[in-house]
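In: Sequence and predicted structure below; questions after.
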Amino acid sequence: MKSVKNGSKIEVDYEGKVKDGQMFDTSKEDIARENNIYQKQKEYSPMKVIVGETPLIKGFTDALIGMKENEEKEITIEPKDGYGDKNPQFLVNVPKENFKGLSPKKEQLVVMEIKGQQRPARVKEIKEDKIKLDFNHPLAGRTLVFKLKIVKIN
């Protein structure tokens, strides 16, 4: 029976949660609906991956190696093999005047243009003259838990 190795073309179903149990992503529509994370524009189906080429977090890719078709497993990915630790340099104070005509709220996601590129950030703090933005990935610093199932190895 074939097993997954670097270069394998596979299809994998997954459910991703943070360690506290809150789901953040899945390839299954019914699970997304049950966990109130359903997105109308997303295509729910097994993710097609070329192992070692498709850009995935290290811990996810590492877990796929050696799995066989129809095999399921649950893995835990520490921040260093996921989205990294939170970087304090990615917390930036921006003058409130940059938000003219807008009223951002704490924890709201905003998009800022930096050197010609759109960058998402979360509003962390609002002061009289400035707003603190967090440009870290939302899953940075979090331990992740994935349920994986290899649906197909081509």
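Out: Received it, and whenever you're ready, just let me know what you need. Numbers count the residues shown, from 1 in each chain.

In: Which residues belonging to the host helix or strand of Asp13 are considered buried?
Out: With secondary structure defined by DSSP states H and E, Asp13 is part of strand 9-18. Buried residues in strand 9-18, counting neighbours by 16 or more other Cβ atoms under 10 Å, are found at Ile10, Glu11, Val12, Asp13, Tyr14, Glu15, Gly16, Lys17. From N, CA and C alone the C-beta is placed, and that goes for glycine too.

In: now the helices for this protein?
Out: Assigned by DSSP state H, the helices in the chain fall at 29-34, 58-64.

In: Quick one, which of these gets closest to Val111.
Out: helix 29-34 (23.8 Å; Cβ to Cβ).

In: The closest residue to Asn87 other than its chain neighbours - how many residues pack around it?
Out: Distances taken as Cβ to Cβ, 6 or more residues apart in numbering put Asn136 closest to Asn87, at 6.0 Å, once the chain neighbours are dropped. Asn136 has 20 neighbours, counted by other Cβ atoms under 10 Å.

In: Pretty sure Asn136 sits against Phe90.
Out: Yes: with contact defined as Cβ atoms under 8 Å, Asn136 reaches Phe90; the gap is 4.6 Å.

In: count of neighbours near the residue lying closest to Pro138 once chain neighbours are set aside?
Out: Closest residue in space to Pro138, ignoring its immediate chain neighbours: Arg122 at 7.0 Å, by Cβ to Cβ, 6+ apart. A count of neighbours around Arg122, defined by other Cβ under 10 Å, yields 16.

In: This completes my enquiry, with thanks.
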